[in-house]
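> the sequence isn't on hand, but the structure is:
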């Protein structure tokens, strides 16, 4: 079984998961609530797609500027236009095949800016490492700003997990869970040592090493302040864009930035779980809004609209970038006549 076939199977699996979540979410809506779901979609303010478009386009531009900073220590300074085109084409490619965009945007810069593709891999790892940390901060902010809701929800889940059949708290279950966790960690450690020759272990070590090296490379940047500001700006715009999206449906228009933070945190999980976040993005947003007394059908309608807006933006800007990239670079190569 070759790698391409395995990649196709993985993609089909996660695409199937996304389609299943769409089906499952729709079946979570009671029959008597279908009218409300359709009404939320029919009465939504679709004009808000325009400010969301601007906000997300700015976040992608900041991402391109941040990527350029990561290339500077290697002695490369690509034109920001080419970097932006590469970022958007990468997002477009990810809609078709997850992670293809990471390879493609490196290939584009290697072709048009003469930056060796293999040297760009480290910058991609660094970006992903920073994004993971940023998402962790967003989750922390969500917990702080909505502790009364998310904290209670988490406590309830924790209580249900560790209560016995009579409904009372069971310390024994916690002890068993901790023992199992320690055994898993011990098994992983032994596995890494005893089976270090296996391809899976070698790959896992490379991934962990790559993440560490990516984070370490940030400390060597000359323009650390700009890198941090761009990172804050990217996620700040994500939060702002999500809040504008909440204004689109009447049932969620009264929600504030704290709700947008929580929606972004959980919605981002959906973007990771399925290709392009299909099904999962709207489902997770609906579930977190449900904790704020928003009916599931209303939250799912809003999450669907927000997902569709992001999808359309990537398709339009990505396709334009694909068309304009060769045109821009052709003009660049034309000699100036004196």
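The structure has been received and is ready for your questions. Note that the structure is a prediction, hence the values are computed from the model and not measured.
> now the element after the helix or strand hosting residue 90, going C-ward?
In this assignment (DSSP states H and E), residue 90 forms part of helix 80-96. Once helix 80-96 ends, the next helix or strand along the chain (criterion: DSSP H and E) is helix 100-112.
> okay, now residue 247: neighbour count?
Neighbour count for residue 247, taken as other C-beta atoms under 10 Å: 18. Backbone N, C-alpha and C define where each C-beta goes, glycine included.
> cool, and residue 88?
If you count neighbours by other C-beta under 10 Å, residue 88 ends up with 28.
> residues in contact with it?
60, 314, 317-318, 320-321 (C-beta atoms under 8 Å, 6 or more residues apart in numbering).
> helix 100-112 and the lengthiest helix in the chain, what's the angle between them?
As assigned by DSSP state H, the longest helix anywhere in the chain is helix 296-333. Helix 296-333 runs at 10 degrees relative to helix 100-112, counting by axes from the mean of the first three to the mean of the last three C-alpha atoms, to 10 degrees.
> what does stretch 230-237 contact?
55-56, 58-59, 62-63, 65-66, 69, 130, 134, 137-138.
> show me what the longest helix of the chain is packed against.
Helix 296-333 is packed against helix 3-28, helix 34-42, helix 49-71, helix 80-96, helix 100-112, helix 224-246, helix 257-273, helix 280-290, with contacts defined by 3 or more C-beta pairs under 8 Å, 6 or more residues apart in numbering; DSSP states H and E.
> right, and those helices - which one's nearest residue 330?
helix 100-112 (10.4 Å; C-beta to C-beta).
> returning to that earlier point: just flag the most distant two among the contacts of residue 88.
Pairwise distances across these (C-beta to C-beta) peak at 12.1 Å, for the pair 60 and 320.
> which pLDDT value does the model give residue 236?
We have a pLDDT of 95 for residue 236.
> residue 267 against residue 242, yeah?
Yes: the criterion here is C-beta atoms under 8 Å, and residue 267 meets it with residue 242 at 7.2 Å.
> so what sits against both of the two?
The contact lists of residue 267 and residue 242 share residue 306, where a contact means C-beta under 8 Å, 6+ apart.
> residue 80 and residue 115: what is the separation?
As defined by C-beta to C-beta, to the nearest Å, residue 80 lies at a distance of 14 Å from residue 115.
> the more surrounded of the two?
Higher neighbour count among residue 80 and residue 115: residue 115, with 22 against 13, using other C-beta under 10 Å.
> please tell me how far residue 66 sits from residue 221.
10 Å.
> out of the two, which sits in the more crowded spot?
residue 66 (23 against 16).
> distance of the closest residue to that one other than its chain neighbours from residue 288?
Nearest residue to residue 66, sequence neighbours excluded (C-beta to C-beta, 6 or more residues apart in numbering): residue 230, at 4.0 Å. Residue 230 sits at a distance of 27 Å from residue 288 (criterion: C-beta to C-beta).
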